[in-house]
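1. need a structure here:
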Amino acid sequence: MILWIAIVCFLVFVFLNIQGKEDQLTVKEIEVKIEPKEELAFIDSLTVLSIMKGADSSQNIMGSQQKSLKLDKMEAALEAYAFIDQADISLDLSGRLIVKIIQRQPLLRIISNKGQSYYVAKNGYKMPLHEGFAPRVIIANGNIAETLADSAFLRTQITRDLLKIADWCYSDEFWQAQIEQLYVDNYMDIILIPKVGNHTIVFGSANQIENKFEKLKTFYIKGLNAVGWEQYKKINLKYEGQIVAEKNDNLINSQTTQP
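-> The predicted model follows:
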């Protein structure tokens, strides 16, 4: 029993001693790590350091001791920035302040029916446009009333459906190469605008999204590749169990087997 008490007291002493030394650590170097590195350029090291300085403006970060730095406040300020998803700041025993940043990844750019434009991240978070960087993402426009100022996250069913379709295309190499724009018509149907061909695709809502994309892919491979990509001007996926394809000169119905 006495041995266990001695061990506990020793561990407490060691912990307090280490904690005291950590509080005395001085920032000798600052390293900013931003992920992902290549795909996005919404934020750079100078912007990160500026936000950190603004969160703790009473002193310079370099040369400061850990106990005087408001690291939690700096992290909160960074994560409040629209283009940052996560921030983590730590000081190692060598005096290196490591700042890890994960940028938000936009999947969609929405242009409202009033001409207001914003990006949307995978989780539905809205992001303003960036002066120095315009990522290549699917664009959605048409009969979309929701704006950036309405809410922090997407709040309407139509914009959530747009994001769901954009996310599906982004995660699938085939559709990422095919679809470049989404359009909401006056009937609140979502229209897909492909990169190849002059046709449009009436997708409707995002309901049964997997089934619709599988039917469309089958039609692309077995239909358009056989007769030519310029034969049709509209492909309609709204009808369950079939694809209604409108030719440039007449209307035909094309039955497709369920995948």
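2. what residues does the strand or helix carrying Leu46 touch?
-> Secondary-structure assignment from DSSP states H and E places Leu46 in helix 45-55. The contact list for helix 45-55, computed with Cβ atoms under 8 Å, 6 or more residues apart in numbering, reads 30, 32, 34, 61, 70, 73-74, 76-78, 81, 89, 99, 101. For the C-beta atoms, the positions are set from N, CA and C on the backbone; glycine is no exception.
3. Any of those residues buried? List them.
-> Ile30, Val32, Ile34, Met74, Ala77, Leu78, Tyr81, Ile89, Val99, Ile101 (16 or more other Cβ atoms under 10 Å).
4. In the contacts of helix 45-55, find the pair that's most separated.
-> The largest separation in these, counting by Cβ to Cβ, is between Ile34 and Lys70 at 21.5 Å.
5. on contacts alone, who are the packing partners of the helix or strand containing Lys233?
-> In the assignment (DSSP H and E), Lys233 maps to strand 232-236. The helices and strands touching strand 232-236, judged by 3 or more Cβ pairs under 8 Å, 6 or more residues apart in numbering; DSSP states H and E, are strand 200-204, strand 242-247.
6. how about the CA coordinates for that strand, as PDB?
-> Output of strand 232-236 as PDB, limited to C-alpha atoms (Å, rounded to 0.1, in the frame of the first residue of the first chain):
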ATOM      1  CA  TYR A 232     -31.000  13.300 -78.800                       C
ATOM      2  CA  LYS A 233     -31.800  16.700 -77.400                       C
ATOM      3  CA  LYS A 234     -33.400  15.700 -74.100                       C
ATOM      4  CA  ILE A 235     -33.200  12.600 -71.800                       C
ATOM      5  CA  ASN A 236     -35.800  12.300 -69.100                       C
END
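7. Partner strands of that strand, with direction?
-> Strand 232-236 has the following sheet partners, assigned by DSSP bridges: strand 200-204 (parallel), strand 242-247 (antiparallel).
8. buried stuff in that strand?
-> Tyr232, Ile235, Asn236.
9. Show residues contacting that strand.
-> Everything outside strand 232-236 that qualifies as a contact, by Cβ under 8 Å, 6+ apart, is 197-202, 216, 219, 224, 243-248.
10. Top of those residues by number of neighbours, please.
-> When neighbours are taken as other Cβ atoms under 10 Å, the top entry among the contacts of strand 232-236 is Ile201 (25 neighbours).
11. and the residue lying closest to that one once chain neighbours are set aside, helix, strand or coil?
-> Closest residue to Ile201 apart from its sequence neighbours, by Cβ to Cβ, 6 or more residues apart in numbering: Leu192 at 3.9 Å. On the three-state scheme (DSSP: H, G, I helix; E, B strand; the rest coil), Leu192 is labelled strand.
12. bridging residues for Leu192?
-> On the basis of DSSP bridges, Leu192 is bridged to Leu182, Ile201.
13. Settle this for me: it is touching Trp175, isn't it.
-> No - in this structure, Leu192 is not within contact of Trp175 by Cβ atoms under 8 Å, at 9.2 Å.
14. So between these two, which is more surrounded?
-> The neighbour comparison of Leu192 against Trp175 (other Cβ under 10 Å) goes to Leu192, with 24 against 19.
15. Against Asp56, how distant is that one?
-> 48 Å (Cβ to Cβ, to the nearest Å).
16. Let me know the helix or strand that Asn123 is in.
-> Assigned by DSSP H and E, Asn123 belongs to no helix or strand.
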